[in-house]
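Peer 1: kindly generate the corresponding structure for this input.
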Amino acid sequence: MDSFAPEFCPVQSDPPVLTLDSPLTLNVSISSAASSFGPYAQAIAALLVGLAVAYVAYQQWRTAATKLRFDVFEERLRIFRLCRDFITELGVSGSVDEERRREVAAAALEVRFLFNPDIAHWVANLSSAGKSPPASPMTEADSESARKWSVATGTQLSNAFEPFMRLDKLFWSRRGRGWLSKFPSWPFDPQPQAGPTEPSA
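Peer 2: I've put the predicted structure just below:
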């Protein structure tokens with residue numbers, strides 16, 4: 001009787017299933033995600049660097065613009081004080097030092113670039129005022145005339161320079177143009193003679 005020898009039959013088992021709890025699966029997921037988002041991360045990083053550079057450049061531009069405005073303000077203030085001192089000296093003593101007159105005349109050439117042509121013409125008129133001094137010693141009437149001229153001219157000076165001297169409006173402005181044409185004439189300058197009048201009919 002033949003002996004029965006059972007054949008070896010390998011037991012079939014299910015293949016291993018990798019889950020999220022498996023370290024191997026987690027490493028594979030992170031690696032694939034990093035490879036997928038790598039170009040996006042580089043683009044975002046480049047964008048952030050570009051924004052930072054643009055912000056720094058903008059701050060530097062603002063600093064330079066602010067410095068330029070204050071430099072312009074300092075030059076305008078220098079000319080304002082020069083004209084103010086000229087008016088004050090002429091209104092008090094009836095004459096002005098020739099050195100100061102030359103300074104105002106030189107400033108009249110610069111005013112065109114810092115203000116506008118109207119104020120440049122006004123400062124040029126100021127530099128030529130007072131070339132005919134009153135009689136010495138000044139009478140009370142002459143002193144009063146000089147004082148009134150000084151007040152009127154000083155008021156025009158303040159009104160003309162104000163739109164350009166305010167810190168919130170340092171750049172060129174059209175406000176107030178056109179009324180500077182009537183410069184206060186120095187009361188002691190020779191007045192133009194009236195022409196012959198037409199005979200009445």
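Peer 1: show me where this protein has helices.
Peer 2: 23-93, 98-114, 117-127, 140-165 (DSSP state H).
Peer 1: quick one: the last one to helix 98-114, angle?
Peer 2: The reference is to helix 140-165. Relative orientation of helix 140-165 and helix 98-114, computed by axes from the mean of the first three to the mean of the last three Cα atoms, to 10 degrees: 30 degrees.
Peer 1: same question for helix 140-165: list its buried residues.
Peer 2: 142-143, 145-146, 149-150, 153-154, 156-157, 160-161, 163-164 (16 or more other Cβ atoms under 10 Å). Backbone N, C-alpha and C define where each C-beta goes, glycine included.
Peer 1: again, but for the second one
Peer 2: Applying a neighbour-count criterion of 16+ other Cβ under 10 Å, the buried positions in helix 98-114 are Arg101, Glu103, Val104, Ala107, Ala108, Val111, Leu114.
Peer 1: let me know the closest of those residues to Lys131.
Peer 2: Arg101 (8.3 Å; Cβ to Cβ).
Peer 1: distance of Leu68 relative to Ala57?
Peer 2: 16 Å (Cβ to Cβ, to the nearest Å).
Peer 1: low-confidence stretches in this structure?
Peer 2: 1-37, 167-184, 186-201 (pLDDT under 70).
Peer 1: right, I'll call it a day here.
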